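Engineer: next comes the sequence, and after it the predicted model I'd like to discuss.
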Amino acid sequence: MPFFEADISSGNDELAPQVARAVFSRSLGVPDDIGVVGFDHFQEITDVFRPKLTTIQLPYVDMGRQAVRSLMALLQEPDAEHESKCISCKLAVRDSVRRNRG
């Protein structure tokens, strides 16, 4: 996977426009001066954000399935030791970051 340098990663896609506004208020550009990355792929934001928002897409369906599996296992064996599960996320690279920032 190629490396993308993002100068600011917002806690979620809803915060990304505020981050960009702060960048623009200092006469800087996104992504030319500072890159912005969101988190959660909140489509109402990613569809209208300009430049198009780079975001980390959460696999909500997979997360829900794993939650149900974990709950079922807990109900079947309440005293058993249960582990945390990792679910991979996808980076959706769009126009709000530059490759090879120098």
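Structural biologist: That came through fine.
Engineer: what about residue 23, how many neighbours?
Structural biologist: By other C-beta atoms under 10 Å, 20 other residues sit near residue 23. No exception for glycine: its C-beta is placed from N, CA and C like everyone else's.
Engineer: from residue 36, how far out is it?
Structural biologist: According to C-beta to C-beta, to the nearest Å, residue 23 stands 7 Å off from residue 36.
Engineer: ok, residue 12 touching residue 40?
Structural biologist: Yes - Residue 12 is within contact range of residue 40, at 4.9 Å (criterion: C-beta atoms under 8 Å).
Engineer: of the two, who's got more company?
Structural biologist: Taking other C-beta under 10 Å, residue 12 and residue 40 do not tie; residue 40 has more neighbours (18 against 15).
Engineer: list the contacts of the more buried one.
Structural biologist: 12, 13, 55, 56, 57, 58 (C-beta atoms under 8 Å, 6 or more residues apart in numbering).
Engineer: list the contacts for the third one?
Structural biologist: Taking C-beta under 8 Å, 6+ apart, we find residue 55 in contact with 13, 16, 37, 38, 39, 40, 41, 42, 46, 91, 92, 94.
Engineer: which parts of the chain are strands?
Structural biologist: 4-5, 8-9, 36-39, 54-57, 90-92, 98-99 (DSSP state E).
Engineer: buried ones in the fifth one?
Structural biologist: Of all the residues in strand 90-92, not one is buried under the rule 16 or more other C-beta atoms under 10 Å.
Engineer: picking that back up, mutual contacts of residue 23 and residue 36, please.
Structural biologist: Between them, residue 23 and residue 36 share the contacting residues 8, 30, judged by C-beta under 8 Å, 6+ apart.
Engineer: tally of neighbours for residue 63?
Structural biologist: 13.
Engineer: ok, now how distant is it from residue 12?
Structural biologist: Residue 63 is 15 Å from residue 12, by C-beta to C-beta.
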